[in-house]
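Peer 1: Structure for this input, please:
(one chain, ligands or ions: 1)
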Amino acid sequence: MPTLDPDRLHLLPLGVGDAFSTRYYHTSFVLFAGSAVVLVDVPAPFGKMLREATEAAGVRLAVPDFTDVIVTHLHRDHCNGLEEFAYRRIVLEEAPPPRLHFLEEIIELLWYARLEPSVGDKTELGGTFDERMEEFFDLDGLDRGQDFATADPELVFETRITRHSQPCFGFRASYKGAVLSYSCDTEWGPKYVEWLAKGADLIVHEVGEEYPHTPLEKLAGLPEDVRRRMRLAHLPDALADRELPIPPLRQGELLTIGDKK
Ligand SMILES: [Zn+2]
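Peer 2: Numbers count the residues shown, from 1 in each chain. Predicted coordinates:
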């Protein structure tokens, strides 16, 4: 049973595949930092993904344990488990709402296209749509490029809008001197990679076909100092089980970010 050091930043991938993967779950991961347990994107089948990854890593973790949830954008492979998460957390487990970090500009779509059809009939208090949404999540709607904090004030996120087919953000997460960067879904952007790489102990970068994703050849051409700190996510089937110039994350592989400070 591995121990999670509360003074360090840990990452547990739940899924590492792209939107059409037949080999892996859609890309999603958990960050552990002190009192914060942060879920980054919520694909389906969320419960199965969580059980398999936590069993593989030997970590005990259930839906009520998450303090913060991040929804980077509305493509289905990043949020089609959100209804399941909300229903289990609030209706079945009767746990308090976690903090939900998302782009404020997507709030109405998040409610009306994603949550309302599935859990809207479970709201008890009525009111405006965002008041109803607050029965499930403590809302933290972000402006573009806005930083945010989590349940552990020492775990902080800086964000950037990515070059994608809809509003989407990537981030740099810092905790006690350790830095993890995540590209999220993005077209190739050398300046963006520069921002992600600056001082990062680990850079998780997506890979895919051309726009709105980043071809492997572009990442393979990065300087060695960047590549050696990089792991891939969002893998298409064409890259599954291949020897890659940058290693992919693995589902259920618990990582510790950075050196002990
Ligand atoms: Zn996307």
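
Peer 1: Do a quick rundown of the helices in the protein.
Peer 2: Here the chain has its helices, by DSSP state H, at 46-57, 76-79, 82-86, 107-109, 116-119, 129-133, 190-197, 216-220, 224-227.

Peer 1: Ok, which of these comes nearest the ion?
Peer 2: helix 76-79 (6.2 Å; C-beta to the ion). C-beta: built from backbone N, CA, C; applies to glycine.

Peer 1: residues in contact with that closest one?
Peer 2: Outside helix 76-79, the residues that touch it by C-beta atoms under 8 Å, 6 or more residues apart in numbering are 18-19, 26-28, 41-43, 71-73, 110, 114, 185.

Peer 1: and if we set it to 7 Å?
Peer 2: Outside helix 76-79, the residues within contact range by C-beta atoms under 7 Å, 6 or more residues apart in numbering are A19, H26, D41, V42, P43, V71, T72, R114.

Peer 1: swap in stretch 144-155?
Peer 2: Stretch 144-155 is contacted from outside by 33-36, 38, 67-68, 99, 101, 140, 142, 156-161, 173, 175-176, using C-beta under 7 Å, 6+ apart.

Peer 1: close to the ion, is stretch 228-241?
Peer 2: No. Judged by C-beta under 5 Å from the ion, stretch 228-241 stays clear of the ion, getting no closer than 8.5 Å.

Peer 1: Give me the distance between that stretch and the centre of its chain.
Peer 2: Centroid separation for stretch 228-241 versus its chain: 16 Å, with C-alpha atoms, centre = their mean, to the nearest Å.

Peer 1: any idea of the mean pLDDT in that stretch?
Peer 2: For stretch 228-241, mean pLDDT is 96.

Peer 1: List the buried residues of it.
Peer 2: For stretch 228-241, the neighbour count (16 or more other C-beta atoms under 10 Å) marks R229, M230, R231, L232, A233, H234, L235, P236, L239, A240 as buried.

Peer 1: Check those residues against the ion and report the nearest one.
Peer 2: Of all the buried residues of stretch 228-241, the ion sits closest to H234, with 8.5 Å by C-beta to the ion.

Peer 1: List the contacts of the single nearest residue of the stretch 1-150 of the chain relative to the ion.
Peer 2: Proximity of the stretch 1-150 of the chain to the ion (C-beta to the ion) peaks at H75, 3.5 Å away. Counting by C-beta under 7 Å, 6+ apart, H75 touches A19, Q166, D185.

Peer 1: mind checking pLDDT for it?
Peer 2: 97.

Peer 1: Now it: phi and psi?
Peer 2: Main-chain dihedrals, H75, degrees, to the nearest 10: phi -60, psi 140.

Peer 1: any idea how far P117 is from it?
Peer 2: Distance of H75 to P117, given as C-beta to C-beta, to the nearest Å: 17 Å.

Peer 1: Over to V40?
Peer 2: Using C-beta to C-beta, V40 is found at 24 Å from P117.

Peer 1: ditto for V71
Peer 2: Note on V71: its distance to P117, by C-beta to C-beta, is 16 Å.
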